[in-house]
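Enquirer: Coordinates only, no sequence provided:
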């Protein structure tokens, strides 16, 4: 079973990648580096998670990729969000907001609701 940190991260990688790509085209290392830096180290994504996610999003039409030459021999693959990706991001962000609001309500509870306690007695 995945640790809590990894389980939560797995479900949010697509969202944060789309969010960053909505700000501009990025290559894989930039995405990984920005996620680490912007989260102050709390959200790191290794290659074994990032690239399969990117490939899945390309297959789904959420992002596109293009190869650019860097220097004389090196190339980089840049990723860009599509309109379909922006729509997906909007849906994911709305669901994330609803889910985190619901979780926060549960975690702020000091006692069980009174009706639930009575029915258990």
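Expert: Ah, there it is. If you're wondering where the values come from, they're calculated on a predicted model, not measured in any experiment.
Enquirer: which residues of this protein score low on pLDDT?
Expert: Counting by pLDDT under 70, the low-confidence segments of the chain come to 1-10, 115-121.
Enquirer: Show residues contacting the helix ranked longest in it.
Expert: Of all the segments of type helix in the chain, defined by DSSP state H, the longest one is helix 83-107. For helix 83-107, contacts defined as CB atoms under 8 Å, 6 or more residues apart in numbering pick out 12, 14-15, 18-19, 21-22, 57, 60-63, 81. Every residue, glycine included, has its C-beta placed from N, CA and C.
Enquirer: how far is it from where the chain is centred?
Expert: For helix 83-107, the separation from the chain centroid amounts to 11 Å (computed by CA atoms, centre = their mean, to the nearest Å).
Enquirer: What are the buried residues along that helix?
Expert: Neighbour counts over helix 83-107 (16 or more other CB atoms under 10 Å) mark 85, 88-89, 92 as buried.
Enquirer: Reformat these as a markdown table; add distance to residue 45.
Expert: Below are the buried residues of helix 83-107 laid out as a markdown table (distance: CB to CB, whole Å):
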| residue | distance to residue 45 |
| --- | --- |
| 85 | 18 |
| 88 | 18 |
| 89 | 17 |
| 92 | 16 |
